[in-house]
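S.K.: Requesting a structural model of the entry that follows:
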Amino acid sequence: MLLPSAKNEEILSQWIRLKSAQMVKRELCKAGEWVYIGNQKAEEFVAEGKADYGPKLATRIDGNAGVIYVVYGAKALKMAKKSINSIRYLHPDLQIAIISNSDPRVRGTAFIYHSDDDAGARIAKLNVYDLTPFERTLYLDADTVVISSLAGGFNLLNYFDLALASDLTMIDGGILAGETTYLQEERTATAQELPTDKLTQYACGMMFFKKTHGMTRLFTKWQYEWQRWRWRDQGAFLRAIHKVPVRHIVLPKEWNMSGTRGATAVVHHKWGAARREGQ
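M.R.: You can find the predicted model right below:
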């Protein structure tokens, strides 16, 4: 199907290219076909990994929504500025806030104070739910670059409390198997406390979430679980979300990928690049 020649961004943003065969308006459409589907459905299809956007990105994000970073140290600040610039290119009006122990003075962002309590800044990260000024929030690690529209992720919060991707480094071999930096004691305890060792393990450096009672309980539990060993945060999150379940959706891998940027659809993540020594 040929794309329209109209220059109207609102019209063009409703066109998507299917990655696989899909039913669209009661018609079976083939992979690679361009379809005109409407803004909301377009955002849903892209967020679920079923399609790519057309020549204009669907960038409209309504309501009290924004992106928040935790930034401590010069290296993290330098990378966060690049990440913010990538968002500004796609979403010029999207609100952005930075949590730190001193005002980084990044133009167009809000500064939220939190003391520098640990080398990994994980106490600040695990308090992001209480600190965010937004009803709908995207938390991003500083070492990320946004490649395409975030609108689909925010749109999913109309249906879910939380949206995040799986951790590609911990797919096989059991709970925390791919994360060799975890203490053996924590690995053993995590395996014992969960119903099976074959569970989706989540990447917590890119999370969409909204303010709900369930999310309040989840973040409180995450903080408690982290305090047990005070090291990496993903094992604590895995235990927390299975003990305090919330309505969540696992996003396709293209939402949070390392490696070459060409393989990334939404967020390119240089995992660990912004860490300080001792993390």
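S.K.: For residue 244, give its distance to residue 41.
M.R.: In this structure, residue 244 and residue 41 are 32 Å apart, going by CB to CB, to the nearest Å. (Glycine included, C-beta is placed from N, CA and C.)
S.K.: go on, residue 122?
M.R.: Distance from residue 122 to residue 41, by CB to CB: 38 Å.
S.K.: higher neighbour count, those two?
M.R.: Per other CB atoms under 10 Å, whichever of residue 122 and residue 41 has more neighbours is residue 122, with 20 against 17.
S.K.: which intervals of the stretch 1-150 of the chain have sub-threshold pLDDT?
M.R.: 1-14, 53-58 (pLDDT under 70).
S.K.: how about the helices in it?
M.R.: In the stretch 1-150 of the chain, helices defined by DSSP state H, counting those that start in this stretch lie at 9-12, 39-47, 74-90, 122-126, 128-131, listed in chain order.
S.K.: dump the residue contacts of the residue nearest in space to the middle of the chain.
M.R.: In the chain, the C-alpha closest to the average C-alpha coordinate belongs to residue 206, at a distance of 2.5 Å (CA atoms, centre = their mean). The neighbours of residue 206, taking CB atoms under 8 Å, 6 or more residues apart in numbering as the test, are 138, 139, 140, 141, 144, 164, 165, 255, 256, 267, 269.
S.K.: With neighbour count and distance to residue 67 as new columns, can these be given to me in CSV?
M.R.: Output for the contacts of residue 206, formatted as CSV (neighbours: other CB atoms under 10 Å; distance: CB to CB, whole Å):
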residue, neighbour count, distance to residue 67
138, 26, 5
139, 20, 8
140, 26, 6
141, 27, 11
144, 27, 10
164, 24, 14
165, 23, 16
255, 27, 14
256, 28, 14
267, 26, 11
269, 22, 14
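S.K.: Save the residues you listed as CSV, and put in distance to residue 101 too.
M.R.: Formatted as CSV, these follow (distance: CB to CB, whole Å):
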residue, distance to residue 101
138, 22
139, 18
140, 19
141, 17
144, 21
164, 26
165, 29
255, 30
256, 27
267, 26
269, 24
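S.K.: with these in mind, which one is nearest to residue 150?
M.R.: Residue 150 lies nearest to residue 138 out of the contacts of residue 206, by CB to CB, at 6.2 Å.
S.K.: That closest one: what's its closest spatial neighbour, skipping adjacent residues?
M.R.: residue 67 (4.7 Å; CB to CB, 6 or more residues apart in numbering).
S.K.: How about the one you found: which residues does it bridge to?
M.R.: Beta-bridge pairing for residue 67 (DSSP bridges): residue 96, residue 138.
S.K.: Just give the number of residues close to it.
M.R.: For residue 67, the tally of surrounding residues (other CB under 10 Å) stands at 26.
S.K.: now residue 81
M.R.: By other CB under 10 Å, the residues close to residue 81 number 18.
S.K.: same question, residue 98
M.R.: Residue 98 has 23 nearby residues by other CB under 10 Å.
S.K.: coming back round to it: quick one: the residue nearest to the centre of the chain is in a strand?
M.R.: Yes: counting by DSSP: H, G, I helix; E, B strand; the rest coil, residue 206 is part of a strand.
S.K.: The nearest residue to it once chain neighbours are set aside and residue 140, how far apart?
M.R.: Nearest residue to residue 206 in three dimensions, chain neighbours excluded: residue 256, at 4.4 Å (CB to CB, 6+ apart). Remark: distance between residue 256 and residue 140 (CB to CB) = 10 Å.
S.K.: what touches both of the two?
M.R.: 205, 206, 267.
S.K.: Looking at the residues you listed, which is nearest residue 157?
M.R.: When the shared contacts of residue 256 and residue 140 are ranked by distance to residue 157 (CB to CB), residue 206 comes first, at 13.9 Å.
S.K.: Tell me which of the helices of the stretch 1-150 of the chain lies nearest to residue 232.
M.R.: Of the helices of the stretch 1-150 of the chain, the one closest to residue 232 (CB to CB) turns out to be helix 122-126, at 8.0 Å.
S.K.: so what does that closest one touch, helix or strand wise?
M.R.: Applying 3 or more CB pairs under 8 Å, 6 or more residues apart in numbering; DSSP states H and E, one finds that helix 122-126 contacts helix 213-227.
S.K.: Contacts for the helix it packs on, please.
M.R.: 122, 126-130, 161-162, 209, 233, 235-237, 239-241, 243-247.
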